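Visitor: Dropping the sequence and predicted coords here.
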Amino acid sequence: MDQLEMKKIAARAALKYVKPDTIVGVGSGSTVNCFIEALGEMREEIKGAVAASKKSEELLKAQGIEVFSANDVSSLDIYVDGADEITPHKAMIKGGGAALTREKIVASLAKTFICIVDSSKQVDVLGSTFPLPVEVIPMARSQVARKLVSLGGSPEYREGVTTDNGNVILDVHNFKILNPVEMEKELNNVAGVVTNGIFALNPANIVIIGTPDGAKVIE
Ligand SMILES: O=C(CO)[C@H](O)[C@H](O)COP(=O)(O)O
């Protein structure tokens with residue numbers, strides 16, 4: 001079974017957590033695109049969605065789902081998003097699609113973070129397979145890169161990419177993130193860093209893994 005099929009299995013399994021008359025928090029990426037397509041079947045039952053990227057907003061609207069601004073809601077029942085890596089403690093690296101800041105904002109509005117992934121995303125230690133994305137104010141790019149080097153990382157400028165917030169991304173290789181909570185805080189304290197892609201202070205609550213044998217749910 002290919003990876004896309006496994007993403008679809010995880011995405012469809014998340015529908016059971018969507019309650020009628022609620023506004024659903026929706027992340028971004030190819031797994032979330034599968035979720036948005038499935039969520040289209042519930043367009044009459046839900047009030048709408050808050051999207052973590054312009055791309056997800058477009059796709060939700062194309063499904064006939066009303067999209068609200070994060071400023072319009074005080075809380076969300078659930079937030080559904082993918083991940084680039086996830087540990088057994090449900091800490092994640094996110095930001096492969098450069099939407100990490102808006103993802104963290106919308107996720108923090110939700111009572112329950114549901115992470116939908118295929119099995120390739122499971123790791124024991126964050127940073128094992130995927131570089132850590134860091135969103136940076138453009139004028140601070142070089143100084144943030146030097147700071148990341150001093151912390152042991154090898155930052156690479158994601159050329160040609162501007163985030164939905166007008167910023168740039170540094171992908172940091174060679175970080176073995178043994179203490180994700182501390183690392184998330186430390187990187188967020190670097191001047192010029194908008195957000196880093198570690199989601200450990202507020203980890204996922206439920207993980208749904210798409211496998212050839214069906215959806216595996218870890219609550
Ligand atoms: O964090 C993200 C985007 O910023 C995505 O959730 C992450 O990159 C996973 O993407 P995909 O579902 O395409 O594998």
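Guide: Thanks, I have it.
Visitor: For the chain, what lies in contact range of the ligand?
Guide: 27-31, 81-84, 94-100, 103 (C-beta under 6 Å from any ligand atom). For glycine as for every other residue, the C-beta is placed from the backbone atoms N, C-alpha and C.
Visitor: and the protein, what are its domains?
Guide: With domains defined by automatic domain parsing, the chain comprises 3-122+201-218, 132-196.
Visitor: most tightly surrounded among those domains?
Guide: domain 3-122+201-218 (a mean of 20; mean count of other C-beta atoms under 10 Å).
Visitor: Show me the residues of the chain next to the ligand that map onto strands.
Guide: Asp81 (DSSP state E).
Visitor: Relative to Ser108, how far out is the residue lying closest to Ser69 once chain neighbours are set aside?
Guide: Using C-beta to C-beta, 6 or more residues apart in numbering and skipping residues adjacent in sequence, the residue nearest Ser69 is Val50, 7.2 Å away. Val50 is 11 Å from Ser108, where distance means C-beta to C-beta, to the nearest Å.
Visitor: ditto for Gly127
Guide: 23 Å.
Visitor: Then Ala70?
Guide: Ala70 is 9 Å from Ser108, by C-beta to C-beta.
Visitor: now Leu148
Guide: 24 Å.
Visitor: ok so, going back, how about the residue nearest to Ser69, secondary structure?
Guide: strand (DSSP: H, G, I helix; E, B strand; the rest coil).
Visitor: And the pLDDT at it?
Guide: As predicted, Val50 sits at a pLDDT of 98.
Visitor: ok, now which ones touch it?
Guide: Counting by C-beta atoms under 8 Å, 6 or more residues apart in numbering, Val50 touches 23-26, 67-70, 72-73, 76, 106, 109.
Visitor: quick one, what contacts the residue lying closest to Gly192 once chain neighbours are set aside?
Guide: Take Gly192 and drop its neighbours on the chain: the residue closest to it by C-beta to C-beta, 6+ apart is Ala140, 2.5 Å away. Ala140 makes contact with Ala191, Gly192, Val193, according to C-beta under 8 Å, 6+ apart.
Visitor: What's the separation between Ala140 and the ligand?
Guide: From Ala140 over to the ligand the distance is 20 Å, taken as C-beta to the nearest ligand atom, to the nearest Å.
Visitor: Quick check: that residue vs Gly25, distance?
Guide: On the measure of C-beta to C-beta, Ala140 and Gly25 end up 29 Å apart.
Visitor: try Val136
Guide: 25 Å.
Visitor: Show me the residue sitting in the middle of the protein in space.
Guide: Closest to where the C-alpha atoms of the chain average out (C-alpha atoms, centre = their mean) is Lys94, at 4.7 Å.
Visitor: from what I can see, the residue nearest to Gly192 looks like it's in a helix, true?
Guide: Yes - Ala140 forms part of a helix when assessed by three-state DSSP.
Visitor: what's the pLDDT at the nearest residue to Gly27 once chain neighbours are set aside?
Guide: Here the nearest residue to Gly27 in space, its sequence neighbours aside, is Asp81; by C-beta to C-beta, 6+ apart that works out to 2.6 Å. pLDDT for Asp81: 98.
Visitor: list the contacts for Asp81?
Guide: Contacts of Asp81 (C-beta under 8 Å, 6+ apart): 25-29, 32, 52, 94, 103, 107, 113-116.
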